[in-house]
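In: pasting the structure only:
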């Protein structure tokens, strides 16, 4: 059973400046009287009182401004950060792709990196060796896999990371923005594979600023704002609230068709809603009937 | 089978507080189970360091041989020691010391050095500790080649009762005599396992402290430098212990200090059997006791601060 249950969880980072990050204060502070105030380490509360329950088959988009807590939430969901208060229960095999550059060694070959990534994600060496050909084919990197990673472009790294993660059948896939760095042709391929992966088992949580990508991969959304969950609901509603306009409006007809929406219907609904808003003058109210 | 593992894992996560002993043990168990990962990473580290050099990791062997030969000659002459038996003494002491020193200095940096991985991939923190210790073990294995060669050369001198604190190395009354190499060298293996057990907790324990307090590694580094000279590694302890030795008059002051030095005991349980000397049972008691107490404290340290590592790095 794949699920993530977060209960009143907060994540707060202590920020140690060069001085307080030392024994000096702890040791010297005890000697002689108190000097000034006993200033505590400043804390940044990146996530505040998050309660969230995600289940099998959910495909969740994470939206929000920079610094709203999207990446921190992803790290909480992956188990990297254990909440400072509250709890977070994760069951299922997790595969995160956060930063394409990290967790990969610049000096060793693509093959080696595939192997190490796989070992990190709980596969054995033998299992990974079996998958290497499949990954090589999917990523289209071919002989490049023998080159050290530092010769790779960003897009090629994304290909590699996606190749590994999608080949090992994870149950929970956590993606941070950045997979946009690949070209369209590959994105299409990756999209299918990701969609396929999510359909087969698990769960996807995807942070991105690209509406089109979100709509293709996700069905629901969470809007993060200043470390809180501002809204959690269907993708179109949440994005509508977040951006203040209907996300379908700006999408190409082709894009809409790809996600299974009839372009004609969208524009009709759009017009009727717009006129409604004009009539009531409540433009900022969440459009509940948008779907 | 699979189901029970999953259930156990779910049960482990069900604990609401990150400060739990169950999760500290789960971290150690899962970390150890990921043998393929940390052994691969540890070996990768070594290959990486000697990348594109022709001799590769054998530079470890060569540099150890050069240092041991140089120090063996220098101190052998300075202290008037028998070179054939003093060189193996210096060498085995140095190899063991190098292992201990690197575990200390690199162990403290374990989590700091792996910051990127810790923040980007969920994994038990013990993986990084094991990676560091394994890397040092591989270095030790490379250094052991020098030992095999040196013992091969001086086997005649080492395989009979001998003394080091004299020019000719012959066992005479009034000198500290060593029984010489015998099957007892096998005792060096459990001795080394004791050292590894100790270095593993020290790496974890100091690693956690250093991640929080960045002055700590500097402090320890300063002490480690001093410990090298305080511990009988390049200077012969036999000069103190032999009744006829030139420094025997200092023994009543210096020996108790040496015996209070835990590093002396750690080195002794490995070095002595490998060069045909006798290990005092006290050395085993000290090393064993340190391992037990150390791991006990470390598990509690992990219980309280394991989950904080990703916040502190």
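Out: Perfect, I can see it now. Just so it is clear, the model here is predicted, and its values are computed rather than measured.
In: you'd agree residue B:167 is up against residue B:82?
Out: Yes. With contacts defined as Cβ atoms under 8 Å, residue B:167 counts as touching residue B:82 at a distance of 5.9 Å. The C-beta positions use only the backbone N, C-alpha and C, and glycine is treated the same way.
In: more neighbours: the two, which one.
Out: residue B:82 (20 against 10; other Cβ atoms under 10 Å in any protein chain shown).
In: quick one: pLDDT of the closest residue in space to the more buried one that isn't next to it in sequence?
Out: Nearest non-adjacent residue to residue B:82, counting by Cβ to Cβ, 6 or more residues apart in numbering or on different chains: residue B:169, 3.2 Å away. pLDDT, residue B:169: 73.
In: cool, and residue B:131?
Out: 95.
In: OK, contacts around residue B:122?
Out: By Cβ atoms under 8 Å, 6 or more residues apart in numbering or on different chains, the contact set of residue B:122 is A:78-80, A:94, A:96.
In: can you pull the phi/psi pair for the residue sitting nearest the centre point of chain B?
Out: The residue lying closest to the centre of chain B (Cα atoms, centre = their mean) is residue B:100, at 2.9 Å. Dihedral pair for residue B:100: phi -60, psi -50, per degrees, to the nearest 10.
In: that one contacts residue B:267, doesn't it?
Out: Yes. Counting by Cβ under 8 Å, residue B:100 touches residue B:267, with 7.2 Å between them.
In: if we can go back for a sec, can you put the contacts of residue B:122 in JSON lines and add distance to chain B and secondary structure?
Out: Shown next, in JSON lines, are the contacts of residue B:122 (distance: Cβ to the nearest Cβ, whole Å; DSSP: H, G, I helix; E, B strand; the rest coil):
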{"residue": "A:78", "distance to chain B": "5", "secondary structure": "helix"}
{"residue": "A:79", "distance to chain B": "4", "secondary structure": "coil"}
{"residue": "A:80", "distance to chain B": "5", "secondary structure": "coil"}
{"residue": "A:94", "distance to chain B": "6", "secondary structure": "strand"}
{"residue": "A:96", "distance to chain B": "7", "secondary structure": "strand"}
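In: which among those count as buried?
Out: A:78-80, A:94, A:96 (16 or more other Cβ atoms under 10 Å in any protein chain shown).
In: for the residue nearest to the centre of chain B, give me its contacts.
Out: B:195, B:199, B:263, B:266-267.
In: per-residue pLDDT, it?
Out: Residue B:100 is given a pLDDT of 96.
In: for residue B:135, see how far away it is.
Out: Using Cβ to Cβ, to the nearest Å, residue B:100 is found at 14 Å from residue B:135.
In: one step back: now that we have the contacts of residue B:100, which of them are buried?
Out: Among the contacts of residue B:100, the ones that count as buried (16+ other Cβ under 10 Å) are B:195, B:199, B:263, B:266-267.
In: farthest-apart pair in those residues, please.
Out: Farthest-apart pair in these is B:199 and B:267; separation 12.1 Å (Cβ to Cβ).
In: narrow the contacts of residue B:100 to those in strands?
Out: Among the contacts of residue B:100, no member is found in strands (DSSP state E).
In: in a markdown table, list the residues you listed along with pLDDT.
Out: Below are the contacts of residue B:100 laid out as a markdown table (pLDDT from 0 to 100):
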| residue | pLDDT |
| --- | --- |
| B:195 | 97 |
| B:199 | 96 |
| B:263 | 95 |
| B:266 | 96 |
| B:267 | 96 |
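In: now, which of those lie within helices?
Out: Among the contacts of residue B:100, DSSP state H puts B:195, B:199, B:263, B:266-267 in helices.
In: can I get those in JSON lines with distance to chain A?
Out: Output for these, formatted as JSON lines (distance: Cβ to the nearest Cβ, whole Å):
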{"residue": "B:195", "distance to chain A": "27"}
{"residue": "B:199", "distance to chain A": "23"}
{"residue": "B:263", "distance to chain A": "22"}
{"residue": "B:266", "distance to chain A": "25"}
{"residue": "B:267", "distance to chain A": "28"}
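In: and these as JSON lines, adding distance to residue A:256?
Out: Shown next, in JSON lines, are those (distance: Cβ to Cβ, whole Å):
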{"residue": "B:195", "distance to residue A:256": "67"}
{"residue": "B:199", "distance to residue A:256": "61"}
{"residue": "B:263", "distance to residue A:256": "71"}
{"residue": "B:266", "distance to residue A:256": "70"}
{"residue": "B:267", "distance to residue A:256": "73"}
